[in-house]
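Q: need a 3D model of the sequence below.
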Amino acid sequence: MSALGVAYIIIVFGLAGFFACRARARLLEQRGQKMHSLPLYYGWWAFFVTSAPALLFLLIWTISSDLYLERRAFSHLAAQNAAAQNAASAVAGVAASGAAPAQSAGFGLEKAVLSDLVKNLPALGGNIADYAQASYASVRKKLLTAKNIALVENGRNYMLPLAVEWLETRRILQKTGGAAAIILAAFAFVGSFYYVRPAFRARNKVERVIISTLFLASLLAIATTIGIVLSMLFQTVHFFESVSPRAFFFGTVWDPRFSTAAGEAGATGRFGLVPLLAGTLYIALVAMIVAVPVGLFAAIYMAEYASPGLRSVIKPLLEILAGIPTIVYGFFALMTIGPFLRDISAALAGGQSFIQAQSVLTAGLVMGIMLIPFVSSLSDDIITAVPRALRDGSYGLGATQSETVKKVVLPAALPGIVAALLLAASRAIGETMIVVLAAGVAANISFNPFAPMTTITVKIVNQLTGDLEFDSPQTLVAFALGMTLFVLTLLMNIFALYIVRKYREHYE
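A: I've put the predicted structure just below:
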């Protein structure tokens, strides 16, 4: 049985403990005993005691088993390879060309084949031998193509038995760990009845478990953020070992391809960040200029002026925009908005269009439409949450409705509105598909909103697709761009917190 099936059985034991202990606690109350906690808390404590230790044991056993199997398999492989080094020989001319002896590549071949077998063995069924032969031939072909050597297949038949042994050992470990976890859950289920007694503080125990779970959830979120930053940071440092930070942050030309035009074979391209940063901020600015007034005014109307019936219709219609995939917005910009702006400009200029179909204006306009529901829906909820007493007090002092909205409601809702605008700006900076289809991929520096530009996220996608080596500057630059985007978003958050704290209205 798989680890997932064992986990289901453990959860069933936990649910059985929950219902049984809750029923026992109710029975004791009916007999006149005064319990410290409600029966529900005794049931939840039984569930935690029954399932949590067994699930933790199963998780540790599964991880440890995988690590043990991997080390054992490759240690056996290394021992067999040392005993069979004479099975491979180099083709004629290899030694003269200075290539490494063939036997030195034998372990690399076998390790690759065994790794492929280990990954695919659970799905092979009865075709293990056929798959092993095909996998061996495929990996050998790749190795021969890369190394320009030939290997003689003599004495390599031990790999298939080793893979089968790995599978059998894995099955035994899975059965042993699963049986041990189920037995542990069964013993915990029986022992959970001990806690159903008047003096046991079940409510306090359950609340501690809940608090610990909430703490672990917040810790997991922090750890995930740190992991993301560190993963980008190390690769960014590796990138700056090949490219000067000054050339990256202050460069005005983006051409990351290998350049041999200057006569330097293998010379790397130019990685100027300025065109990408300018395009990112420019397109995001145009999008916010479109989204903020429309979204904020729509939120004010829905929260303060619209009738309940009209609000129930307008709000869902606006929120439909948030559910449309961004690729659809990109097609809309490419097929409708871009040609429309180009034709309008051509008509105004007498036949010569001054707006390109792919431009900053096209991307910013469509992206602003996409951001309207983020601004309007969040701002509407925030404005609606302002206490009604503040409005009544303003009306009691003689203020009109518009004066109340401007002097009382909006200042009280300012922190939430700023958070909504920050969310919209972050979405605009991180958008990719709309920019690709509506603004193009040209890394230009221009203040002309009618010209094409591109953003950081577009180039991150471009640099991570293709056949370049992972440790090349052309690939590592994607991590430097990602780190730059992270720092930019962090600075936006800091600025938003400053604005909120400076202009927040405090009420008793």
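Q: every contact and neighbour count from this point should use C-alpha atoms.
A: OK.
Q: so who does residue 298 touch?
A: Going by C-alpha atoms under 8 Å, 6 or more residues apart in numbering, residue 298 touches residue 376.
Q: mind listing what's buried in whichever strand or helix holds it?
A: For residue 298, the host element (DSSP states H and E) is helix 274-300. For helix 274-300, a neighbour-count test (16 or more other C-alpha atoms under 10 Å) marks 274-288, 290-292, 294-300 as buried.
Q: next SSE after that helix?
A: Next along the chain after helix 274-300, taking DSSP H and E as the criterion, comes helix 308-320.
Q: mind giving me the packing neighbours of that next one?
A: The helices and strands touching helix 308-320, judged by 3 or more C-alpha pairs under 8 Å, 6 or more residues apart in numbering; DSSP states H and E, are helix 360-384.
Q: the helix it packs on versus helix 274-300: what angle between them?
A: 40 degrees (axes from the mean of the first three to the mean of the last three C-alpha atoms, to 10 degrees).
Q: what mean pLDDT does helix 360-384 get?
A: In this model, helix 360-384 has an average pLDDT of 90.
Q: gap between stretch 280-290 and the chain center?
A: Distance of stretch 280-290 from the chain centroid (C-alpha atoms, centre = their mean, to the nearest Å) equals 24 Å.
Q: alpha carbons only: can I get it in CSV?
A: Written as CSV, here are the backbone C-alpha positions of stretch 280-290 (Å, rounded to 0.1, in the frame of the first residue of the first chain):
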residue,chain,number,x,y,z
THR,A,280,8.2,48.0,-16.8
LEU,A,281,7.5,51.2,-15.0
TYR,A,282,6.2,53.0,-18.1
ILE,A,283,3.6,50.3,-18.9
ALA,A,284,2.6,49.9,-15.3
LEU,A,285,2.2,53.7,-15.0
VAL,A,286,-0.1,53.9,-18.0
ALA,A,287,-2.1,50.9,-16.6
MET,A,288,-2.5,52.6,-13.2
ILE,A,289,-3.6,55.9,-14.9
VAL,A,290,-6.4,54.0,-16.5
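Q: what residues does it touch?
A: 360-361, 363-369, 371, 424-425, 428-429, 454-456.
Q: what of stretch 482-502?
A: 229, 232-233, 236, 414-415, 418-419, 422, 426, 456-457, 460.
Q: same check on stretch 221-233?
A: 479-480, 482-483.
Q: quick one: the residues you listed as a markdown table, columns for neighbour count too.
A: Below are the contacts of stretch 221-233 laid out as a markdown table (neighbours: other C-alpha atoms under 10 Å):
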| residue | neighbour count |
| --- | --- |
| 479 | 22 |
| 480 | 25 |
| 482 | 19 |
| 483 | 20 |
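Q: which of the residues you listed lies closest to residue 325?
A: Distance to residue 325, by C-alpha to C-alpha, is smallest for residue 482 among the contacts of stretch 221-233, at 22.7 Å.
Q: related to what we said a few turns ago, which of the contacts of stretch 482-502 fall within helices?
A: Those of the contacts of stretch 482-502 mapping onto helices are 229, 232-233, 236, 414-415, 418-419, 422, 426, 456-457, 460, per DSSP state H.
Q: could you identify the most distant pair in the residues you listed?
A: Distances among those were taken as C-alpha to C-alpha; the most separated pair is 236 and 414, at 37.2 Å.
Q: now render the contacts of stretch 221-233 as JSON lines, adding pLDDT and distance to residue 498.
A: Output for these, formatted as JSON lines (pLDDT from 0 to 100; distance: C-alpha to C-alpha, whole Å):
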{"residue": "479", "pLDDT": "90", "distance to residue 498": "29"}
{"residue": "480", "pLDDT": "91", "distance to residue 498": "27"}
{"residue": "482", "pLDDT": "90", "distance to residue 498": "25"}
{"residue": "483", "pLDDT": "91", "distance to residue 498": "23"}
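Q: in JSON lines: these, plus distance to residue 347.
A: Below are those laid out as JSON lines (distance: C-alpha to C-alpha, whole Å):
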{"residue": "479", "distance to residue 347": "44"}
{"residue": "480", "distance to residue 347": "44"}
{"residue": "482", "distance to residue 347": "41"}
{"residue": "483", "distance to residue 347": "44"}
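Q: please report the number of neighbouring residues for the closest residue to residue 21 other than its chain neighbours.
A: Leaving out its chain neighbours, the residue that sits closest to residue 21 by C-alpha to C-alpha, 6 or more residues apart in numbering is residue 43, at 5.0 Å. Residue 43 sits with 29 neighbouring residues when counted by other C-alpha atoms under 10 Å.
Q: hmm, residue 43 is touching residue 19, no?
A: Yes - shown here, residue 43 and residue 19 form a contact pair, counting by C-alpha atoms under 8 Å, at 6.1 Å.
Q: okay, and the common contacts of these two?
A: With contacts defined as C-alpha under 8 Å, 6+ apart, no residue is shared by residue 43 and residue 19.
Q: just to revisit the earlier point, filter the contacts of stretch 482-502 down to the buried ones, PyMOL style.
A: PyMOL command restricting those to the buried ones, with burial defined by 16+ other C-alpha under 10 Å:
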select buried, resi 232+233+236+414+415+418+419+422+426+456+457+460
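Q: convert the C-alpha atoms of stretch 14-34 to PDB, please.
A: Extracted C-alpha coordinates of stretch 14-34, given in PDB (Å, rounded to 0.1, in the frame of the first residue of the first chain):
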ATOM      1  CA  GLY A  14      -8.400   9.800  13.900                       C
ATOM      2  CA  LEU A  15     -12.000  10.400  12.900                       C
ATOM      3  CA  ALA A  16     -13.100   7.300  14.800                       C
ATOM      4  CA  GLY A  17     -11.300   8.600  17.900                       C
ATOM      5  CA  PHE A  18     -13.000  11.900  17.500                       C
ATOM      6  CA  PHE A  19     -16.500  10.500  17.400                       C
ATOM      7  CA  ALA A  20     -15.900   7.900  20.000                       C
ATOM      8  CA  CYS A  21     -14.300  10.200  22.600                       C
ATOM      9  CA  ARG A  22     -16.900  12.900  22.000                       C
ATOM     10  CA  ALA A  23     -19.700  10.300  22.600                       C
ATOM     11  CA  ARG A  24     -17.900   9.100  25.700                       C
ATOM     12  CA  ALA A  25     -17.600  12.600  27.100                       C
ATOM     13  CA  ARG A  26     -21.300  13.200  26.500                       C
ATOM     14  CA  LEU A  27     -22.100  10.000  28.300                       C
ATOM     15  CA  LEU A  28     -20.100  11.000  31.300                       C
ATOM     16  CA  GLU A  29     -21.900  14.400  31.400                       C
ATOM     17  CA  GLN A  30     -25.300  12.600  31.300                       C
ATOM     18  CA  ARG A  31     -24.200  10.500  34.300                       C
ATOM     19  CA  GLY A  32     -23.700  13.700  36.300                       C
ATOM     20  CA  GLN A  33     -20.000  14.200  36.100                       C
ATOM     21  CA  LYS A  34     -18.800  17.700  35.600                       C
END
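Q: what sits up against it?
A: So stretch 14-34 is contacted by 35, 38-51, 185, 189, 192-193, 196-198 (C-alpha under 8 Å, 6+ apart).
Q: and for stretch 193-208?
A: Here stretch 193-208 has contacts from 21, 24-25, 33-38, 41-42, 44-46, using C-alpha under 8 Å, 6+ apart.
Q: can you list the domains in the chain?
A: Split into domains by automatic domain parsing, the chain comes to 1-84+158-238, 85-156, 277-503.
Q: what's the closest non-adjacent residue to residue 239?
A: The shortest distance from residue 239 to any non-neighbouring residue, by C-alpha to C-alpha, 6+ apart, is to residue 476 (5.4 Å).
Q: the one you found: how many residues sit nearby?
A: What residue 476 shows, counting by other C-alpha under 10 Å, is a neighbour count of 23.
Q: so it makes contact with residue 237?
A: No - the pair residue 476 / residue 237 is not scored as a contact, 9.3 Å apart, by C-alpha under 8 Å.
Q: residue boundaries of the helices in the stretch 401-508 of the chain?
A: The residue ranges that make up the helices of the stretch 401-508 of the chain, judged by DSSP state H, counting those that start in this stretch, are 401-404, 410-429, 433-438, 456-463, 473-503.
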